[in-house]
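A.B. asks: A predicted structure for the sequence below; I have some questions about it.
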Amino acid sequence: MIIAGIMSGTSLDGIDVALIRISGRSICTLGFHSTPYPAAVRAALLAVSNCDTHTREIARLHSLLPELYAAAFKQTCKRLKLNPSAVGLIGCHGQTIFHEGAPVEVLGQRIASTLQIGDGNILAERTGIPVVCDFRPADIAAGGRGAPLVPYADYVLLHQETLSRVALNIGGIANITWLPAGAPPSKVVAFDTGPGNMVVDQLVSHYSNGERNYDAAGQMASEGLVHPEIVAELLDDPFYSERPPKTAGREQYGADFVTRLLALNLSPADTVATATYFTAAAIAEGITRFAGGEDHPPDEVIVSGGGVHNKTLLRFLRAELPESEVVRAEIHGIDPDAKEAVAFAILAHETWHGRPSNLPSATGARHPAILGKLCRPTPR
């Protein structure tokens, strides 16, 4: 079966489409393509992400995004010279605009909540292909945090009998999956470590007056000085010592967090360098505390996501994790930019077959859950 995975993450940089073939236990990636969001769409998504807005804007984007997803899917098929009709299923994560995995008091009840927009019915209609979407609520309904969900795919793709591994994804948020050597799925630990690219992206956008949205290759960070006392102060937040499961998002690392950094009045290069080192230190803190510990560091840390292109971030990460081999995911045959899209294709495949694909040890759910909603196209 050929499956498409469509992912648009918290960095709001665009739409990732991966096509995979699953045959038994064999998973083969056929290709991948990323389509940047138009600037106006990115701005509109930022305007409804964890901020005061109008329900009209959310509803309109909920219907607009699947049109963009369908176009990105068709473009990817064209680039790969694959007839879209050969694809049997689409797994679409949608765009997260709010995620609060830990319950809070709301009108007399404690609830957790999450919202991903991008209507799966429209995507199914535009492509003529069944769509599995809205993956996170089923895990939240089962008492989980609704994240992280990629660890199921990490286990399928990277679990090893003799090596301990951490699968690290650096998107807008950084998250890890701890895969002890020879461990069953029930022993997998996964959680968000803190910011990935999100804080640095916002800083670069601020300093460039919106002309740049990220620190290409970590160049700006490489030109600045890290202020270790600020990194230490930021790491003093209780989040970093809190035991998993735990999640993070724009709610913690959005505009308010960036304003706090700007108020320090460092030079632009020093601010970006310090934020970049803080990102690496937060990842290392999570690995050291909850993924093997100081006495048993992982043999490998396998990095994917947009952060792999930030050479300064990877250099800082290797400095923080000297006992582990920090490698990019392509060393193991996985396109580091495609992994999350591949993961949601795998999750959709499990849902299609009626099988659970959350890992309660990672999300905190009371039991395994079948994830997502199935949207079928109208027969033609």
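C.D. replies: Sure, I can see it. Residues are numbered from 1 along each chain as shown.
A.B. asks: what sits up against the lengthiest helix in the chain?
C.D. replies: Of all the segments of type helix in the chain, defined by DSSP state H, the longest one is helix 55-79. By Cβ atoms under 8 Å, 6 or more residues apart in numbering, the residues outside helix 55-79 that reach it are 4, 6, 8, 15, 17, 19, 31-33, 35, 37, 41, 44-45, 47-48, 83-84, 87, 90, 92, 94-95, 97, 117-123, 126-127. Where C-beta positions appear, they are placed from N, C-alpha and C, glycine not excepted.
A.B. asks: Which members of the residues you listed occur in strands, if any?
C.D. replies: Counted as lying in strands by DSSP state E, out of the contacts of helix 55-79, are 4, 6, 8, 15, 17, 19, 31-33, 35, 90, 92, 94-95, 97, 117.
A.B. asks: List the buried residues of the least confident helix or strand in the chain by mean pLDDT.
C.D. replies: Ranking every helix and strand in the chain by mean pLDDT, DSSP states H and E puts helix 250-253 at the bottom, with a mean of 88. Neighbour counts over helix 250-253 (16 or more other Cβ atoms under 10 Å) mark Arg250, Gln252, Tyr253 as buried.
A.B. asks: so the first one sits right up against Met198, yeah?
C.D. replies: This means Arg250. Yes - using Cβ atoms under 8 Å, Arg250 makes contact with Met198 at a distance of 6.9 Å.
A.B. asks: joint contacts of these two?
C.D. replies: Common contacts of Arg250 and Met198 (Cβ under 8 Å, 6+ apart): Thr10, Gly172.
A.B. asks: from memory Ala142 sits against Leu371, does it?
C.D. replies: No - counting by Cβ under 8 Å, Ala142 stays clear of Leu371, with 9.9 Å between them.
A.B. asks: higher neighbour count, these two?
C.D. replies: Neighbours per residue, other Cβ atoms under 10 Å: of Ala142 and Leu371, the larger number sits with Leu371, 26 against 20.
A.B. asks: Tell me, how many residues neighbour the residue nearest to that one when sequence neighbours are not counted?
C.D. replies: Nearest residue to Leu371 in three dimensions, chain neighbours excluded: Phe135, at 4.4 Å (Cβ to Cβ, 6 or more residues apart in numbering). Neighbour count of Phe135, defined by other Cβ under 10 Å: 26.
A.B. asks: Gly143 too?
C.D. replies: Residues near Gly143, counting by other Cβ under 10 Å, number 15.
A.B. asks: And for Glu229?
C.D. replies: 9.
A.B. asks: ditto for Glu100
C.D. replies: 19.
A.B. asks: got it, and Ala345?
C.D. replies: Applying other Cβ under 10 Å, I find that Ala345 has 32 neighbouring residues.
A.B. asks: what's the helix or strand for it?
C.D. replies: Using DSSP states H and E, Ala345 sits in helix 339-352.
A.B. asks: Fine by me, thanks again.
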